[in-house]
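Here is my input; please provide its structure:
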Amino acid sequence: MADASEETEFPILCETCLGDNPYVRMTKEKLGKECKVCTRPFTIFRWLPGRGMRYKKTEICVTCAKLKNVCQTCVLDLEHGLPVQVRDSALSIQDSVPQQDGNRRDYLARTANSLEVVGEQTDFSGRAQPAGREMLKRMTRKDPYYKRNRPHICSFFVKGQCTRGNECPYRHEMPQGDPELAKQNIVDRYHGNNDPVAKRMLARSHKRDTRLVPPEDKSITSLFVMGMDTSVTKDDVHDYFRAYGDLKSVVVVPKGNCAFVNFKTRADAEAAAQAALGGCVVKDKALRLAWGKPKPKGPGSELAVKSQRGSSSMSGVTPPPPPGALTDTTIYPSQDPTAQGACSKQ
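Next comes the predicted model:
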């Protein structure tokens, strides 16, 4: 059985692995190595992505790359540049590739024939729910991360034993960050199992993506949008949120870099808050969301309510008469000469 990658003229690569050099040159070797996933021989491509970078080569065959829609070198998703475990977790996709060698060869052989007929890789974009799409948008890098192509750290330099100096092809730096991230395996990354980078990204995402708890006041039907700038207009916010329901109004506050999105019904506001997971992406700008607050009641309204309650409770009660009103003569305290301690003369 001929391998599907024998007839390919160019590998399936992401923009980061390809590099920023527009005049990249590649070497091609047919059946140069076996695929690290399916262990079948495939065509090897090797190239230099840019000046000061390390040489890169393809690690998996075209069939395996098309099946998961990943890069042949870094084994990251081609659309979002994320690990397979992160993408599958956001889209709720189960790994369909068998783990055992015999079943895996059978499965990949049948898949290779179907992919040759179709000529395209698997598309996962249509399977995403709104919450999953928002999660992937927030975690996707806007620009290629070319630092990933730098040479590896020199292990002899870390031990203090490197004698090559400036001619050493590896980096003379001390390792930084979590040492667990260095323990990566291509097969685990491809199947989305035990990927330390994916686990770390998912942990950060779960801390940030807390669902908005609807307030108890059912009259609140507005969402507060934060983190805006001049690139996001009122029409952009309106077009984004009208997908979740009918809008009453959109009020943008330029000085505060925020906006208020007022829905007509509470159900539409809750649907938008649940789908956004505490944030959204409008015109490649990550925005934060929060529930609006009820309008504060002024002190005059509270005093009016208290006065109304007091007047209603005292209705029908007449005030007592003034002193001396019940007698014929009016008596005042100042008319008593003994009130201040004076004594009458005898």
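
Could you point out the longest strand of the protein?
When the chain is parsed with DSSP state E, its longest strand is strand 26-34.

What are the buried residues along that strand?
By neighbour count on 16 or more other Cβ atoms under 10 Å, the buried set for strand 26-34 is Met26. For every residue, glycine as well, the C-beta is placed using N, CA and C.

Distance check, Lys68 against Gly292.
The gap separating Lys68 from Gly292 is 42 Å, by Cβ to Cβ, to the nearest Å.

For those two, work out which one has more neighbours and name it.
Lys68 (27 against 17; other Cβ atoms under 10 Å).

Can you tell me how far the more buried one is from Tyr244?
Counting by Cβ to Cβ, the gap from Lys68 to Tyr244 is 32 Å.

where exactly do the helices run in the stretch 151-300 of the chain?
For the stretch 151-300 of the chain, the helices defined by DSSP state H, counting those that start in this stretch cover 155-159, 186-191, 196-208, 234-241, 266-276, 299-313.

Out of those, which gets the lowest mean score?
Among these, helix 299-313 carries the lowest mean pLDDT, at a mean of 57.

doesn't Gln274 make contact with Cys280?
No. Cys280 lies out of contact with Gln274 (Cβ atoms under 8 Å); the separation is 11.9 Å.

the more surrounded of these two?
The neighbour count for Cys280 versus Gln274, taken as other Cβ under 10 Å, is higher for Cys280 (23 against 14).

Can you say which helix or strand has Ala90 in it?
When elements are assigned from DSSP states H and E, Ala90 belongs to helix 84-91.

now for that helix, which elements pack on it?
For helix 84-91, the packing partners by 3 or more Cβ pairs under 8 Å, 6 or more residues apart in numbering; DSSP states H and E come out as helix 130-139, helix 186-191, helix 196-208.

can you state the direction angle for that helix and helix 130-139?
Per axes from the mean of the first three to the mean of the last three Cα atoms, to 10 degrees, the angle that helix 84-91 makes with helix 130-139 is 140 degrees.

Only the buried residues of helix 84-91, if you could.
Buried residues in helix 84-91, defined by neighbour count with 16+ other Cβ under 10 Å: Val84, Gln85, Val86, Arg87, Asp88, Ser89, Ala90, Leu91.

how close does the first one get to Lys33?
Between Val84 and Lys33 the distance, using Cβ to Cβ, works out to 21 Å.

With the fourth one instead?
Between Arg87 and Lys33 the distance, using Cβ to Cβ, works out to 26 Å.

still on that earlier bit, indicate which one of the helices and strands packed on helix 84-91 is closest to Tyr240.
Closest to Tyr240 of the helices and strands packed on helix 84-91 is helix 130-139 (Cβ to Cβ; 10.7 Å).

these two touch, right, Thr63 and Thr43?
No. At 11.5 Å, Thr63 does not count as touching Thr43 under the criterion of Cβ under 8 Å.

So for Val250, what's the nearest residue that isn't a sequence neighbour?
Closest residue to Val250 apart from its sequence neighbours, by Cβ to Cβ, 6 or more residues apart in numbering: His238 at 4.9 Å.

Hmm, that neighbour is touching Asp246, no?
No. Under the criterion of Cβ under 8 Å, His238 is not in contact with Asp246, lying 11.4 Å apart.

So the two - more neighbours on which side?
Neighbours were counted for His238 and for Asp246 using other Cβ under 10 Å; His238 has more, 15 against 9.

Now do the strands in the stretch 51-200 of the chain.
Assigned by DSSP state E, counting those that start in this stretch, the strands in the stretch 51-200 of the chain fall at 56-57.

Okay, now the unreliable bits of it?
Low-confidence segments of the stretch 51-200 of the chain (pLDDT under 70): 94-106, 108-132, 177-182.

try 50 this time
117-118 (pLDDT under 50).

if I pick Thr58, what's in contact with it?
Going by Cβ atoms under 8 Å, 6 or more residues apart in numbering, Thr58 touches Pro11, Leu13, Phe42, Thr43, Ile44, Phe45, Arg46, Gln72, Thr73.

Of the residues you listed, keep whichever come out buried.
Neighbour-count burial (16+ other Cβ under 10 Å) is assigned, among these, to Pro11, Leu13, Phe42, Thr43, Ile44, Phe45, Gln72, Thr73.

Let me have the residues you listed in a markdown table, adding secondary structure and distance to Phe263 as columns.
Formatted as a markdown table, those follow (DSSP: H, G, I helix; E, B strand; the rest coil; distance: Cβ to Cβ, whole Å):
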| residue | secondary structure | distance to Phe263 |
| --- | --- | --- |
| Pro11 | coil | 48 |
| Leu13 | coil | 44 |
| Phe42 | strand | 53 |
| Thr43 | strand | 55 |
| Ile44 | strand | 56 |
| Phe45 | strand | 52 |
| Gln72 | coil | 46 |
| Thr73 | coil | 46 |
